[in-house]
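Colleague: What shape does this take:
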Amino acid sequence: MTMKKVIGIDLGGTTAKIGILNQDGEIEKKWELPTDISEEGTLIVPNIIQSINEVLKSDHLEPSDFLGIGMGTPGTVNRTNGTVIGAYNLNWKTEQLIREQVESSTGIPFFLDNDANVAALGEQWKGAGNNEKNVSFITLGTGVGGGLVSDGSLIHGAVDAAGEVGHITVEPYGYECTCGKKGCLEQYASATGIVRLARDLAGDHPEESELKRLVESDDVIDAKRIFDLAKAGDAYANHVVDRFSFYLGLALGNIANILNPSTIVLGGGVSQAGDFLVERVSKVVEEFTFPTIRPVTKIKIAELGNDAGMIGAASLVINELENNN
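Modeller: Below is the predicted model:
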């Protein structure tokens, strides 16, 4: 008997990554579709549906060959109704009836969750989380996001807003955040946050350095440049990375104390700093974790890259069906 397949979709502002996977999380086929945000994003879901139906037809597959379709999306997700609102990078300003459209047009059950949650499921299942039951996933990009898996299930919270790791307060009354609070983690430990630290701390650092020279001459710098200079031994760059690591480690220590994950996975562009970042952050996490938790909390770099959301979306289908049986 042939096992049924799963379709996973990782919807982003530039592309939708779509894959056909088996129930072991192995990708059998994958492709990308440009995200057309014109006409208030009304073409996005119909384009995805059309693409899936075309692939199924060309590969001689039927709706009955699939357990379901899972999708991770930006915005505020209502998992019960299968809707999304407020995904502004997709031009979705009003509520989008996604499940209704997909199921009526494909004949396949559809499941939906936030993109960070879905990426967390992917890394927990087939990536750095090593299929452990308690994994926290943190994305370090322009902002800071996250997904939290506890006892094998995503934590959603009362209004599906759990996992807003980027808005943990790490500096009371510090930098103002776009959310309206002050001192949020993403103002310090994101790709933009570390650049801000580099510019703001330069005046207090007495030593000459390449990074300090770049800052004082108002040259363009980014997170990668800062980490590269730190790895090369630049004193000021190392000072900035230490501050970055302090704020991130403080937040991760608090997450560890509350959730007791076996692994905290770091993803997103900043995580490309690799072991250099892990070593710095791990020392701070050790400082701020409860003694019982300290020895069992691993900090690791994400492994799945651009496939995390797609694999996690497939996992979403399998988990939902298992939980409902």
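Colleague: can you give me the strands in the stretch 51-200 of the chain?
Modeller: Taking DSSP state E, counting those that start in this stretch to define them, one finds strands in the stretch 51-200 of the chain at 66-73, 76-78, 83-85, 96-97, 110-114, 135-140, 144-150, 153-154.
Colleague: Tell me the gap between the first one and the middle of its chain.
Modeller: Average the C-alpha atoms of strand 66-73, do the same for its chain, and the two points are 17 Å apart (Cα atoms, centre = their mean, to the nearest Å).
Colleague: Please shift the residue numbers so they start at 51 in all later answers.
Modeller: Yep, numbering from 51; the last one is strand 116-123 now.
Colleague: Do you know the pLDDT at Ala137?
Modeller: In this model, Ala137 is scored at 88, pLDDT.
Colleague: Turn the strands of the stretch 101-250 of the chain into JSON lines, including mean neighbour count and distance to Cys234.
Modeller: In short, each C-beta sits where N, CA and C put it, glycine included. Output for those, formatted as JSON lines (neighbours: other Cβ atoms under 10 Å; distance: least, Cβ to Cβ, whole Å):
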{"stretch": "strand 116-123", "mean neighbour count": "26", "distance to Cys234": "23"}
{"stretch": "strand 126-128", "mean neighbour count": "19", "distance to Cys234": "18"}
{"stretch": "strand 133-135", "mean neighbour count": "19", "distance to Cys234": "23"}
{"stretch": "strand 146-147", "mean neighbour count": "18", "distance to Cys234": "28"}
{"stretch": "strand 160-164", "mean neighbour count": "24", "distance to Cys234": "18"}
{"stretch": "strand 185-190", "mean neighbour count": "30", "distance to Cys234": "14"}
{"stretch": "strand 194-200", "mean neighbour count": "26", "distance to Cys234": "8"}
{"stretch": "strand 203-204", "mean neighbour count": "18", "distance to Cys234": "22"}
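Colleague: Select, out of the ones you listed, the one closest to Ser321.
Modeller: Ser321 lies closest, by Cβ to Cβ, to one member of the strands of the stretch 101-250 of the chain: strand 185-190, at 5.6 Å.
Colleague: What are the contacting residues of that closest one?
Modeller: Strand 185-190 is contacted from outside by 166, 169-170, 173-174, 179, 194-199, 215, 239-241, 298, 302, 305-306, 309, 311-321, 352, using Cβ atoms under 8 Å, 6 or more residues apart in numbering.
Colleague: Kindly report the same for stretch 193-207.
Modeller: Under Cβ under 8 Å, 6+ apart, the answer for stretch 193-207 is 129, 163-164, 166-171, 174, 179, 183-189, 212-216, 235-236, 239-240, 242-243, 305, 309, 311, 318, 369, 373.
Colleague: Repeat that for stretch 173-181.
Modeller: 75, 182, 185, 187, 199, 313, 315, 317, 350-354, 358, 361-362, 365.
Colleague: among these, which are in helices?
Modeller: Per DSSP state H, helices hold the following members of the contacts of stretch 173-181: 358, 361-362, 365.
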